[in-house]
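Peer 1: From the sequence below, what's the structure:
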Amino acid sequence: MSADLAVVLGLLTAAIGMFAWGRPRMDAVALSMLVALPLTGILTVGEALAGFSEPSLVLIAALFVIGEGLVRTGVASRLGDWLASRTGGSSTRLMAMLMLAVATLGSVMSSTGVVAIFIPIVLRITMRLRIAPGQMMMPLSFAALISGMMTLVGTPPNLVVNNELFRGGYAGFGFFSFTPFGLPILLLGIGYMAVARRWLTDAEPEEAARHGRLTLAQLIRDYGLTGSSHRLRIGPDSPLAGRSLERLRLRGSHGLNVMAVERSERFATTFLNATGETVLRAGDTLIAQFDGPEERLEALAARLALQHSPLRNLDTVRKPHPIGLAEVIIPPDSPLCGRSVLEAEFRSTYGLTVVGLRRGLVPWGAGLLEERLQAGDTLLLVGPWKELRRSQRGKRSFLLLNQPEDLEELSPASDRAPQALLSLGVVIVLMVSGVLPHVLAVLIGCLMMVGFRCIDLDSAYRAIHWQTIVLIGGMLPFSLALQKTGGIALAADGLVRLTAEAGPYALLASLFAVTALTGMFISNTATAVLMAPVAMAVARETGFSPYPFAMIVALAASAAFMTPVSSPVNTLVLGPGRYRFSDFLRIGVPFTLLVMAVSLALVPLLLPL
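Peer 2: All right, here's what the predicted structure looks like:
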């Protein structure tokens, strides 16, 4: 092993370690490697930046825009509503239709986006049918992962592998080249989850089972808010009167979290959102949260001339008033990850107030303001319906889980759904026919989406998952560095030597196993970036066709079923499904072995060696 190869492997090990640790962010790690490689002298600056000139990066970015267009026009949510109307009350039928719908939609748009769309839909359906959410959330995430095996554009790893074929001078895969493998795996997944989901938790809130929906009382109990909500009427002599909430800083100085302000006018009572600019008046009633003993609150009320009365529930802040209550989840790519509730400035940034935090099944008590948010955390927010609606547009910092039934329609361009479907259809036809390169076909679809006003340009830029783009562009130089230092040839030679006596099937099995195990700790996109060159080198060294080796890596990269951190879609369903880490191991490991067996049977058959 040369000194240069040792340096590259050291940097690669450091990158994988940071990916597995989760700190810093994946895109920051990729940028660090992008800087480090030229500093070693192994790559020039131009070679290190060459990854960002790959057509696959433009293709991936454009697909994010098309997916957002489908969301904004309501195409995705209408599919969910259609699904809900066809279940017939059968949980097995619901699961099968859910997996089919998610895999179909995820084959042409971001699987993470599909899961984010379907989580609240599935929660509503399960509550209506009195089914535990845990019975459906893992089938949802598994179907989203399988969607990456359905088409060429189903997931970024497919495009990474396809790009490696192009770099090797080969024709690449067609749009539906993955479908003969993905469809049997999807059917296998439906049959497997019909049995395996019964091993998951079947516990559900008693009130949800009784009423067929998650009640407000259940939310309050889940977040440990029972007894912490109060009504405080401002007396005429109160020092709060005439001052704004920003100046008073009641939360920081007194531990009083004001959620809404009830104001009695001459003919009606109105509810005001509690923003920093809200100026309090004598006679206003504060709907507030206070974490502390009753004696402290009574002493505070006496000092500030407030008339205290307990608030048994939060019905006061629900419809018909403009102030609402909603449960949200923090996605893995949220800018809120790593920031405290206080640093996130929810009230000034989003016009919303955080009243509860849950991590898994555990509600967070004291220290809510200082606790740093993590992917998968669920928050209980209070604020105007219009702000809850606005928070879901463009770049989403959090995703609505339990949407109030009276929340307004979240599709700002719902009247342009036919145009969005037409744009998508044109993209698919152009890609399948091969008339134009795939990247041009998708860019045409983006221009059609913008031209039809399915999405505006600002929203289009916000829709692009830049973290994924930077991750791929920053990690691609590793393949060139490994090639220049002999690392790819060394890895390929090692795999060939280990399986020399066993034949090509053992080679394919080894590639699948190494790719799937690597994907347990780092993103499937980064896994594909690392393993695709190895697969191509193995094919060259053995004299076999590169297509089966490239396909086995792509399928294994999507087989991220084994842990909740293997893929963002698994992380998203962790909280709503009330899962533990061991649930994914119990269900995901056997299914990964089944997917491996099916892949090893089909790949050499359909893509001859």
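
Peer 1: ok, T278 touching M259?
Peer 2: No. With contacts counted by CB atoms under 8 Å, T278 stays clear of M259, the gap being 11.6 Å. In short, each C-beta sits where N, CA and C put it, glycine included.

Peer 1: With neighbour numbers in mind, choose between those two.
Peer 2: The residue with more neighbours, out of T278 and M259, is M259; 25 against 19, by other CB atoms under 10 Å.

Peer 1: and the gap between the more buried one and R339?
Peer 2: In this structure, M259 lies at 21 Å from R339, with CB to CB, to the nearest Å as the measure.

Peer 1: Check A96 too.
Peer 2: Applying CB to CB, one obtains 40 Å for the distance of A96 from R339.

Peer 1: more crowded one of these two?
Peer 2: Per other CB under 10 Å, whichever of A96 and R339 has more neighbours is A96, with 20 against 14.

Peer 1: That one: which element?
Peer 2: Taking DSSP states H and E as the criterion, the element that holds A96 is helix 91-106.

Peer 1: got it, and T126?
Peer 2: Secondary-structure assignment from DSSP H and E places T126 in helix 111-129.

Peer 1: just L39 next, same as before
Peer 2: Under the criterion of DSSP H and E, L39 resides in helix 26-40.

Peer 1: Name the next helix or strand downstream of that helix, please.
Peer 2: Counting by DSSP H and E, what follows helix 26-40 is helix 45-49.

Peer 1: For that next one, list the C-alpha coordinates in PDB.
Peer 2: Output in PDB follows, covering the C-alpha atoms of helix 45-49 (Å, rounded to 0.1, in the frame of the first residue of the first chain):
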ATOM      1  CA  VAL A  45      -8.500  21.600  -7.300                       C
ATOM      2  CA  GLY A  46     -10.100  21.000 -10.700                       C
ATOM      3  CA  GLU A  47     -10.300  17.300 -10.200                       C
ATOM      4  CA  ALA A  48     -11.800  17.700  -6.700                       C
ATOM      5  CA  LEU A  49     -14.500  20.000  -8.100                       C
END
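
Peer 1: Tell me the helices and strands packed up against that helix.
Peer 2: Contacting helix 45-49 under the criterion 3 or more CB pairs under 8 Å, 6 or more residues apart in numbering; DSSP states H and E are the following elements: helix 26-40, helix 466-485.

Peer 1: which SS state does L325 fall under?
Peer 2: Using DSSP: H, G, I helix; E, B strand; the rest coil, the three-state assignment for L325 comes out as strand.

Peer 1: So it versus L574, what's the distance?
Peer 2: Here the criterion is CB to CB. By it, L325 lies 23 Å from L574.

Peer 1: can you check P332 too?
Peer 2: Here P332 is placed at a distance of 10 Å from L574 (CB to CB).

Peer 1: Mind checking which of those two has more residues around it?
Peer 2: It is L574, of P332 and L574, that has more neighbours when counted by other CB under 10 Å, with 24 against 21.

Peer 1: so who does the more buried one touch?
Peer 2: 360, 376, 564 (CB atoms under 8 Å, 6 or more residues apart in numbering).

Peer 1: Could you rerun that using 6 Å?
Peer 2: Shown here is L574, whose contacts under the criterion CB atoms under 6 Å, 6 or more residues apart in numbering are 376, 564.

Peer 1: which stretches of the stretch 351-500 of the chain have low pLDDT?
Peer 2: Along the stretch 351-500 of the chain, the parts satisfying pLDDT under 70 run over 361, 365-367, 385-386, 388-396, 402-414, 468, 487-489, 491-493, 495-496, 499-500.

Peer 1: What are the boundaries of the strands in it?
Peer 2: Counting by DSSP state E, counting those that start in this stretch, the stretch 351-500 of the chain has strands at residues 353-359, 362-363, 378-384, 399-402.

Peer 1: Domain map for this protein?
Peer 2: Per the record, the chain has its domains at 3-24+480-606, 226-313, 323-402, by automatic domain parsing.

Peer 1: thinking again about what came up before, can I get the helix holding A96 as PDB, trimmed to CA atoms?
Peer 2: This file holds the C-alpha atoms of helix 91-106, laid out as PDB (Å, rounded to 0.1, in the frame of the first residue of the first chain):
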ATOM      1  CA  SER A  91     -55.900  -3.300   7.700                       C
ATOM      2  CA  THR A  92     -54.200  -5.800   5.300                       C
ATOM      3  CA  ARG A  93     -55.700  -4.200   2.300                       C
ATOM      4  CA  LEU A  94     -54.800  -0.800   3.600                       C
ATOM      5  CA  MET A  95     -51.100  -1.900   4.000                       C
ATOM      6  CA  ALA A  96     -50.900  -3.400   0.500                       C
ATOM      7  CA  MET A  97     -52.500  -0.400  -1.200                       C
ATOM      8  CA  LEU A  98     -50.300   1.900   0.900                       C
ATOM      9  CA  MET A  99     -47.100   0.200  -0.100                       C
ATOM     10  CA  LEU A 100     -48.200   0.100  -3.800                       C
ATOM     11  CA  ALA A 101     -49.100   3.800  -3.800                       C
ATOM     12  CA  VAL A 102     -45.900   4.900  -2.000                       C
ATOM     13  CA  ALA A 103     -43.600   2.700  -4.200                       C
ATOM     14  CA  THR A 104     -45.300   4.100  -7.300                       C
ATOM     15  CA  LEU A 105     -45.100   7.700  -6.300                       C
ATOM     16  CA  GLY A 106     -41.600   7.300  -4.900                       C
END
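
Peer 1: avg pLDDT for that helix?
Peer 2: The average of the pLDDT scores along helix 91-106 is 86.

Peer 1: can you give me how far that helix is from the chain middle?
Peer 2: For helix 91-106, the distance from its own C-alpha centre to the chain's C-alpha centre is 18 Å (CA atoms, centre = their mean, to the nearest Å).

Peer 1: for whatever helix or strand L159 lives in, packing partners?
Peer 2: Here L159 sits within helix 156-167, counting by DSSP H and E. For helix 156-167, the contact count by 3 or more CB pairs under 6 Å, 6 or more residues apart in numbering; DSSP states H and E identifies helix 55-72, helix 524-542, helix 546-558 as packing neighbours.
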